[in-house]
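J.: take this sequence and fold it.
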Amino acid sequence: MTGRVTTFRVLGPIGADAAGEPVALGGARQRAVLARLLVARGRVVPVDRLVGDLWETPPDGAVAAIRTFVADLRRVLEPDRAPRRPADILVTAPPGYAVHAAPDAVDAWRFEAAVARTGDPAREALARLDEALALWRGPAYAEYDAEPWARAEIDRLNELRLLAVERRAEALIELGRAAEAVSDLQAHTAQAPLREDAWHLLATALYRSGRQGEALAALRRARDVLVGELGVDPGPRLRRLESDILAQAPHLESPASVPPPAAGRVFVGRQDELALLEAAAGRAAGGDEPVVALISGEPGAGKSALAETLAGRLAGQGWVVLWGRGPEDDGVPVAWPWTPDTAPGPGEDPAAVRFRRRREAVARIAAAAGRSPVLLVADDLHRADADSLDLLTGLVAGPGRAMLLGTYRATEIGPALTAALARLARTEPVRVYLGGLGELEVAELVAGVLGRPAGAGVARTVHRRSGGNPFFSRELARLHADGAALDDIPAGVRDVIRHRLARLPERTRDVLRQASVLGRDVDPEVLGVLAGDVVDALDDALAAGFLTEDGPRLRFAHILVRDTVYGDLSAVRRAHWHAAAGAAIERLAPGDAAVLAHHFGLAGSRAALPKAARYARTAAEEAERRSNPHEAARLWRQALRAAAGDLPARLIALAGLGRNLAVTGHLAETRALRAEAIAAVTASGDPGLTASVLTGFDVPAIWPRNDDQELAGRVVGAAERLLPGSPPALRSRLLSTLALELRGDTGDRGRRAAAEAEEIARGLDDPGLLALALNARFMHAFARTGTAGERDRIGAEIVELAAKHDLVTVEVLGRLIRLQAACARGEFDAADGHAAAADRLAGRYELPVVGVFTELYAALRLAVAGRPAEEAYRTACARLAGSGMPGMSDGLLGLALLSIGRDGGDVGPYEPWVRPGRLLAAGRRDEAAQAVRALPASPHDLLREARLCLAARAVAELGDREAAERLYGELLPAAGELAGAGSGVVSFGTVREHLAALRKLL
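T.: Model prediction:
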């Protein structure tokens, strides 16, 4: 090994650190290679798969390019590796490559391990989860959320993050800090409104905070969301909580404790059921007549395993255990172990034989019970023949000190078993129904299969896909152990499901196949349009356990059942049925745009694609109104795919996708989409379409320097051509667009455009237009120095406007503007509040770009407090470098380090203002004086005062009176501010100090 400790960051933009220093990972595809290998979690990724993942159409020489990328990555990850020495981190392992990293070398792996750990005291759990959640700097694998190879891992980590938030809240509640948990849980339920556990925690935290009314209101909101979104009522746990709150149940006053699993436990879960059966056995051991217990559940639920566990425990206590199991073949009699197989004699009445068998069985049980209690297990009763069931029910009249335990599939109750259960009902049997295991129990089961603890993300995915069914869970765990994706269907599960399907009537199978096209949730009305009269078939499917009733809708009992049925359809049939489903839903529920887009998109026909594009656009716009940019981006991509041959629809989708990618941190892709759209619309020559494209990328902007000046120039030119004759609303939007692209310009074109845009927007009383115009006005609030007060007023109005009209990204913009203004005036308590508010919104709505600004602000806070800030600046700027904002990132690290007394090297566009000081430090006064005289006018932006103060330092040392007079006049309006701190990034001391130095020369 080289001795350098290399760690990787994937919870946000991809990054790496070696020996505590950020590593420059190279270009986009080179970084993608590393990300793809990290997604594989140490497994080998073949070269041909890497090629297929990196290029939609691989170019000639793609394999050679992969080798080059790997070689370049090795150089930066292990720079001290000796020539020809094998790599330790990015290793060659035929037929491809793998990343070998320690379990704590990747932030996502550390996060997963921290969340998977259970059993700690609440205080330790809270500290551990706080540390784990702090690892997130944005969405996981942020640059690659659109890549199929990353999607499953991203979803897994996102699910794990939601679980971590809930477990953190549980720890707070257990520590008696319920009030602290409330705000996070409110944000959490807004982000994930369908998670019933989250609502349960929120209502519990509110109740324990003395807010009983709000707790009940939260449960009502949960009900409204579940009914409105899914058409289902809350589950029994939420309903019980509501009843307990209304009754002010005493147990709500103290947190419930869940004991850790017992050491050496051989049976996963079912502890309540096992305790119920053991209590029944206790009564049987001292009773005068047998106790009957019945275990039912779906196939694979663990009925036999529960019976075996009970039998093992009772055998250990001296019980006699007799076991009979129904055969696999229907109609074969069960040879019960407590009676001989007595065949009828010649001419003997079968009824007499049955009576004799029953009498002999009772006698044998009585003899055994005289010595020890007896457990009679009748497993798989759904397979038993009528004679065997008759014998079984006759045993309830036998002696005491016996327990009769029967298991059967609740989905396969035939007439004979129905009659037997009716006869057993008079004994008031103990009944146990086995549903799905909980997530923690599934995690324990998966760990047993893997031979090691399962990551929380793996356990959660297995639980979600299996529904907690133990058999399905084990099969999925084996699939995972073999390196396959968890969204595959295990062969064993598929075979079992197909076998069960084959036992259904043909009509029921056909209806289930059509139902699978609708998804896991099935609307019977829509299905009826597709398949005709489906009532009988649905009854059969419900009785067989393929479907469950979920309020007014039906649901596949397991997603694996649905996926198996759907996967067995031909592509042609799928497309045909998706088209039919879309047409049916269009008539019955025309407002369900996302579902309609899904079905028409998968129909794939020329007739369906325009509808898919239209509905995807509608759904995407709805997602934007709900401030859900990630969902909106997914839907805009769907619209873009469907609109391939329709230029206007394609351009609208490009703009929509670009808007939402920008706020989710994909700024480079946004610029590429915008350039593509502008090139296409320019070629079309359509003024209306051009206006739509130009104004469709209206994303809040905070940094007054363009990332792509050439593209900005094209936008400005196109906007100016469209302005004459434009109606007021469009004119305002075009003017705002124009002003935003002219950011940093030293002329007044942008300022005048922003002012007119604002005036029009106020006259139209349009909050969206006004927010855009205020953003444009902010970009031109730098015509002179010392404008922190004006910028703060703009930010305050933006925040107020956003709060009134629920404009999330606009509120973030206003908070960051106010943060910058507060920094300029040295009001850091206020700046802290704005930073915290921005971070809360960013966390709730997954807006990773916000963290770029708040991390830089955190570094500034260290610097102005006189604390070491270099590491914080380097970390923040490394993140900035991957954010796709070259207009901000170029040279910023060098400037930041200069502000804390370090020469950070490359200062990019700030070099003309840094050069005089560097020349003076080198003793080259004449060259420094010449550099001062050659200084250009500073761009009108957030760092104007910083540039001028850098020049002022050199001028004061040179004694240049003429330059001092000019700089003094420019800086005087900012006398009460910190130099450069209005950026929220750097500070070069107070402007007053620099003015005093200049005043000595005047």
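J.: what segments of the chain are strands?
T.: Counting by DSSP state E, the chain has strands at residues 6-9, 15-18, 21-22, 45-46, 90-93, 96-99, 291-297, 320-325, 374-379, 402-409, 430-434, 521-522, 547-550, 553-556.
J.: quick one, what contacts the nearest residue to residue 655 once chain neighbours are set aside?
T.: Nearest non-adjacent residue to residue 655, counting by CB to CB, 6 or more residues apart in numbering: residue 696, 2.8 Å away. Quick note: C-beta positions are derived from backbone N, CA and C, even for glycine. Shown in contact with residue 696 (CB atoms under 8 Å, 6 or more residues apart in numbering): 651-652, 654-656, 658-659, 677.
J.: would you tell me which of the strands of the chain gets closest to residue 192?
T.: strand 521-522 (17.7 Å; CB to CB).
J.: and that closest one, average pLDDT?
T.: Here strand 521-522 scores 88 as its mean pLDDT.
J.: mind listing residues that contact stretch 621-637?
T.: 139, 145-146, 593-594, 597, 616-617, 619-620, 653, 656-657, 659-661, 663-664, 806-809, 845-847.
J.: any idea how far that stretch is from the chain center?
T.: 15 Å (CA atoms, centre = their mean, to the nearest Å).
J.: buried sites along it?
T.: 621-624, 627-637 (16 or more other CB atoms under 10 Å).
J.: between the two ends of that stretch, how far is it?
T.: Stretch 621-637 has its terminal residues 12 Å apart, counting by CA to CA, to the nearest Å.
J.: in contact with residue 59, which residues?
T.: residue 65.
J.: could I get the pLDDT score of residue 652?
T.: At residue 652, pLDDT is 91.
J.: count of neighbours near it?
T.: 24 (other CB atoms under 10 Å).
J.: would you list the contacts of residue 696 in a markdown table and tack on distance to residue 97?
T.: A markdown table is the format used below for the contacts of residue 696 (distance: CB to CB, whole Å):
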| residue | distance to residue 97 |
| --- | --- |
| 651 | 40 |
| 652 | 41 |
| 654 | 35 |
| 655 | 38 |
| 656 | 37 |
| 658 | 33 |
| 659 | 37 |
| 677 | 37 |
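J.: which one of those is nearest to residue 305?
T.: The nearest one, if we look at these relative to residue 305 and count by CB to CB, is residue 656, at 51.7 Å.
J.: what's the local residue count around that closest one?
T.: A count of nearby residues for residue 656, using other CB under 10 Å, gives 26.
J.: I'd like to know how far the closest residue in space to residue 877 that isn't next to it in sequence sits from residue 701.
T.: Distances taken as CB to CB, 6+ apart place residue 893 nearest to residue 877, at 3.9 Å, with adjacent residues excluded. Residue 893 is 22 Å from residue 701, where distance means CB to CB, to the nearest Å.
J.: related to what we said a few turns ago, out of the contacts of stretch 621-637, which end up buried?
T.: 139, 145, 593-594, 597, 616-617, 619-620, 653, 656-657, 659-661, 663-664, 807-809, 845-847.
J.: inside helices: which ones of these?
T.: Among the buried ones among the contacts of stretch 621-637, the ones falling in helices (DSSP state H) are 593-594, 597, 616-617, 619-620, 653, 656-657, 659-661, 663, 808-809, 845.
J.: could you report the neighbour count for the residue nearest to residue 877?
T.: So residue 893, with other CB under 10 Å, has 23 neighbours.
J.: ok, it - contacts?
T.: Counting by CB under 8 Å, 6+ apart, residue 893 has contacts 873-874, 877, 904, 906.
J.: the residue positioned nearest the centre of the chain - nearest residue in space that isn't next to it in sequence?
T.: Centroid check for the chain by CA atoms, centre = their mean gives residue 158 as the closest residue, at 3.0 Å. Distance criterion CB to CB, 6+ apart; nearest residue to residue 158, sequence neighbours excluded, is residue 140 at 6.6 Å.
J.: what do you get for residue 797?
T.: Nearest non-adjacent residue to residue 797 (CB to CB, 6+ apart): residue 774, at 6.2 Å.
J.: you'd agree the one you found is up against residue 800?
T.: No. Taking contacts as CB atoms under 8 Å, residue 774 lies outside contact range of residue 800: 10.6 Å.
J.: which of those two has more neighbours?
T.: residue 774 (26 against 12).
J.: below-threshold pLDDT in the stretch 1-150 of the chain: ranges please.
T.: 1-5, 19-20, 83-84 (pLDDT under 70).
J.: against residue 140, how distant is residue 876?
T.: 19 Å.
J.: again but with residue 302, I slipped
T.: Residue 302 is 34 Å from residue 140, by CB to CB.
J.: the more surrounded of the two?
T.: The neighbour comparison of residue 302 against residue 140 (other CB under 10 Å) goes to residue 302, with 27 against 24.
J.: verify the contact between that one and residue 273 for me.
T.: No. In this structure, residue 302 is not within contact of residue 273 by CB under 8 Å, at 9.5 Å.
J.: and for these two, which residues touch both?
T.: In contact with both residue 302 and residue 273: residue 434, using CB under 8 Å, 6+ apart.
J.: could I get the full set of helices for the stretch 851-1000 of the chain?
T.: When secondary structure is read from DSSP state H, counting those that start in this stretch, the stretch 851-1000 of the chain shows helices at 870-881, 886-889, 892-899, 911-921, 925-933, 944-958, 961-971, 991-999.
J.: span of stretch 966-982 from start to end?
T.: Stretch 966-982: ends 22 Å apart by CA to CA.
J.: try stretch 10-23
T.: 14 Å.
J.: list the contacts for the closest residue to residue 796 other than its chain neighbours?
T.: Closest residue in space to residue 796, ignoring its immediate chain neighbours: residue 818 at 6.5 Å, by CB to CB, 6+ apart. Contact analysis of residue 818 by CB under 8 Å, 6+ apart lists 792, 795-796, 799, 830-831, 834.
J.: chain center to stretch 855-864, what's the gap?
T.: With CA atoms, centre = their mean as the basis, stretch 855-864 stands 29 Å off its chain's centre.
J.: how about residues contacting it?
T.: 137, 819, 823, 826, 828, 831-832, 835, 868-869, 872-873, 875-877, 879-880, 896, 899-900, 978, 981, 984-987.
J.: to residue 461, which of the strands of the chain lies closest?
T.: Nearest of the strands of the chain (CB to CB): strand 553-556, 17.2 Å.
J.: the closest one pairs with which strands, parallel or anti?
T.: strand 521-522 (antiparallel), strand 547-550 (antiparallel) (DSSP bridges).
J.: please identify the deepest-packed of the ones you listed.
T.: Counting by mean count of other CB atoms under 10 Å, strand 521-522 has the highest mean neighbour count of the strands paired with strand 553-556, with a mean of 21.
J.: which residues touch residue 868?
T.: residue 862.
J.: for it, give me phi and psi.
T.: phi -60, psi 130 (degrees, to the nearest 10).
J.: okay, the helices of the stretch 851-1000 of the chain in a markdown table with mean pLDDT and distance to residue 225 next?
T.: Shown next, in a markdown table, are the helices of the stretch 851-1000 of the chain (pLDDT from 0 to 100; distance: least, CB to CB, whole Å):
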| stretch | mean pLDDT | distance to residue 225 |
| --- | --- | --- |
| helix 870-881 | 87 | 35 |
| helix 886-889 | 88 | 39 |
| helix 892-899 | 92 | 43 |
| helix 911-921 | 92 | 54 |
| helix 925-933 | 93 | 63 |
| helix 944-958 | 93 | 48 |
| helix 961-971 | 92 | 55 |
| helix 991-999 | 94 | 52 |
